[in-house]
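1. Give me a model of this one.
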Amino acid sequence: MTLGFSADELLPRARGGGVLKMGLAKLDERDWLQPRPDLAARAEGFAAYPEGIQLSAEGAAAGAELAAMLGLSGGLAEAARAHHEDMCLLTLRPGDEQYRLVGAAVAWPSDWTPADKMGLPLRALHAPIQGYEEQLASGVDHFMAKLKPGAIYGRCNWFIAATGEKRWVAEPPEQAFSHVTQQNAGETLFVRSERQTLRRLPETGAILFTIGIYTSPLGQFSRQNQARLGDAMRSLLEGEGDRRGAGAYAAALIGYAQRQEIERTP
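-> Prediction:
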């Protein structure tokens, strides 16, 4: 199975509201990483955000294993620079029940700072996500414990942002979306999708978590996906709306999607 490598392709499979679910799909090796990464963009991303590379002593061996597995010399940083995906390493300490973050090579984070997350266990890493502890934490812990080397799983999600920049730092929603209207939403609202994969490294037993960032303005999505986003806004407002700031842009997005549907109808 493949998830696709663009925001428009990913959207039908992406979670963007409602009850939290892992929503994992098993992937073939050929569908693991972006086959045609823009390495110049990756170099620019890391040059602009060097603090996105964090590696503890616990993660060094896993980083070296990852680089070798990808046919590279070096470690985690070299692996992430050579691919489209940001990459994180998680390991399980003796006596622990949760994996924790021991390495991150992240050029394009979605409103998080790797240095602040280093060393944290999974539940603390996801603490800002509304409903994670109640709806998803136990399932994630179980999946991580049972993940076998060789298996690759993927999932994706989406967010609405006021910028198409790959490295995203969220602003207060009322400020970020103050210029958005039903008329200009196609150019001023951007869908940001994270294509995430998980696999266990066979030698160290560390788990590699990759995050491929894809962004596109709302107006460049298919009409079906624009309608899908408009419908999703209603459930999002009832669930995670506060965290995602949906109240600041939902009416504009819904109105835009409805206008596009009307204009498309003969």
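
2. Quick one: list the elements packing against the helix or strand hosting Ala79.
-> For Ala79, the element it lies in under DSSP states H and E is helix 76-81. Taking 3 or more CB pairs under 8 Å, 6 or more residues apart in numbering; DSSP states H and E as the contact definition, the neighbouring helices and strands of helix 76-81 are helix 39-48, strand 53-55, helix 60-69, strand 86-91, strand 100-105. C-beta: built from backbone N, CA, C; applies to glycine.

3. Excluding its own residues, what touches it? List them.
-> Outside of helix 76-81, the residues within contact range by CB atoms under 8 Å, 6 or more residues apart in numbering are 39, 42-43, 46, 53, 55, 59, 62-63, 66-67, 70, 72, 86-87, 89, 103-107.

4. what stretches of the chain score poorly on pLDDT?
-> Counting by pLDDT under 70, the ranges of the chain that qualify are 1, 15-23, 126-139, 238-243, 264-266.

5. how about the helices in the stretch 51-200 of the chain?
-> For the stretch 51-200 of the chain, the helices defined by DSSP state H, counting those that start in this stretch occupy 60-69, 76-81, 114-117, 122-125, 132-135, 137-146, 173-176, 185-188.

6. Output the ones you listed in a markdown table, with mean neighbour count appended to each entry.
-> Supplementary listing: those in a markdown table, determined by neighbours: other CB atoms under 10 Å:
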| stretch | mean neighbour count |
| --- | --- |
| helix 60-69 | 20 |
| helix 76-81 | 23 |
| helix 114-117 | 14 |
| helix 122-125 | 17 |
| helix 132-135 | 13 |
| helix 137-146 | 14 |
| helix 173-176 | 14 |
| helix 185-188 | 18 |
